[in-house]
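>>> Got a predicted model here, sequence first, then my questions.
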Amino acid sequence: MPKPIPEPVAVLTGAGVSAESGVPTFRGENGLWRSFRPEQLATPEAFRRDPALVWEWYGWRRGLIGACAPNAAHKTLAEMEATLPDFTLITQNVDGLHQAAGSRNVLELHGNIWRMRCTRCERTSEDHRVPLPKIPPRCSQCGALLRPDVVWFGESLPSQVLDAAWTAATRCRLMLVVGTSALVQPAASLPLVALQNGARLVEVNPAETPLSPHTHEILRGPAAKVLPEWWEIRQSG
Ligand code: NAD
Ligand code: ZN
């Protein structure tokens, strides 16, 4: 008999949870655009130097993501939220696929690729159009350049979201770490915070990560396969 799920539950997801939906991970072979690495484009400096180039890259990524649908792992996490009274989903992804699968409260540490923010008046707006009619897009209120409302390399994370994620990591008794290489800070610290506070750690990843030696349980396989199986067993148990 599998053990019942100890609550509160927190889940941290990364690019791997969307891999089977067809969204390339940054470190995977399809992560490159032209010959640029994401670290060269997802920065404030790159945007200052060449906003159109950065927006072309985002246009390409929005096109890729817009053609993708949530997979069984996203759906399982939405079901967990609907079933478990004390559940927090934290994601590093910007693709919006958790919400598309039905997750309601998602702590998006790195923002969302479907949201834009004005570089002058800070107004944010959602825009799902692919392709965008004009690149780079401009603010309808003040005419300044819009930027993707995502966190770029070298920028700090939205503090309210990070605080809420930190609290969830501190409180939880079980943390699932799904499809993240556990390399990008500060997100990579969240499982360690959970661990230090006595939580059980479960890693869901087909590959070994720096976190693997610290986990209590490892589901080695693609998230869309192993996560629904894990949840199913606990539901029927
Ligand atoms: P990463 O690219 O560094 O690592 C992806 C991890 O997923 C790896 O450990 C890999 O082994 C694992 N993985 C691959 N296929 C998987 C599968 N089918 N099931 C489960 N795991 C699988 O991703 P990261 O740790 O999220 O960090 C990269 C950064 O890039 C994040 O900040 C994120 O915001 C951003 N990013 C986001 C998206 C997205 O929104 N979908 C895509 C690429 C990058
Ligand atoms: Zn504006």
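Happy to help now that I have it. Ligands and ions are numbered 1, 2, ... in the order given.
>>> From now on I want contacts and neighbour counts done on CA atoms only, so please keep to that.
OK.
>>> Now for Val11, how many residues are close by?
Other residues near Val11 come to 24 when the count uses other CA atoms under 10 Å.
>>> what comes up buried for stretch 207-214?
Leu211, Ser212 (16 or more other CA atoms under 10 Å).
>>> do that stretch and ligand 1 meet?
Yes: contact of stretch 207-214 with ligand 1 (CA under 6 Å from any ligand atom) involves Ala207.
>>> Name the residues that touch that stretch?
Counting by CA atoms under 8 Å, 6 or more residues apart in numbering, the neighbours of stretch 207-214 from elsewhere in the structure are Ser181, Ala182, Leu183, Leu201, Glu203, Ile218, Arg220, Gly221.
>>> Can you tell me which of those has the most neighbours?
With neighbours taken as other CA under 10 Å, the top of those is Glu203, carrying 27 neighbours.
>>> what's the distance between that one and Thr167?
20 Å (CA to CA, to the nearest Å).
>>> Same question for Glu39.
Taking CA to CA as the measure, Glu39 falls 29 Å from Thr167.
>>> So which elements touch the biggest helix by length in the chain?
Looking only at the chain and at elements set by DSSP state H, the helix with the highest residue count is helix 51-66. The helices and strands touching helix 51-66, judged by 3 or more CA pairs under 8 Å, 6 or more residues apart in numbering; DSSP states H and E, are helix 44-49, strand 111-118.
>>> at 10 Å instead, please
Packed against helix 51-66, as judged by 3 or more CA pairs under 10 Å, 6 or more residues apart in numbering; DSSP states H and E, are the following elements: helix 38-41, helix 44-49, strand 111-118, strand 146-150.
>>> from the contacts of stretch 207-214, which single one is nearest Leu145?
Within the set of those, Leu183 lies nearest Leu145; the separation is 31.4 Å, counting by CA to CA.
>>> Please convert the helices and strands packed on helix 51-66 to CSV, extending it with distance to ligand 2.
Listed next are those as CSV, based on distance: least, CA to the ion, whole Å:
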stretch, distance to ligand 2
helix 38-41, 22
helix 44-49, 16
strand 111-118, 5
strand 146-150, 7
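>>> Of these, flag the one that's most buried.
Mean neighbour count, computed with mean count of other CA atoms under 10 Å, is highest for strand 146-150 among the helices and strands packed on helix 51-66, reaching a mean of 23.
>>> and Leu183, what element?
Using DSSP states H and E, no element contains Leu183; it sits outside every helix and strand.
>>> what's the helix or strand bottoming out on mean pLDDT in the chain in contact with?
Using mean pLDDT, DSSP states H and E, the weakest-scoring helix or strand in the chain turns out to be helix 38-41, at a mean of 92. Contact partners of helix 38-41, identified using CA atoms under 10 Å, 6 or more residues apart in numbering, comprise 26-27, 31-33, 46-47, 50-51, 53-55, 57-58, 152-154.
>>> Sounds good, over and out.
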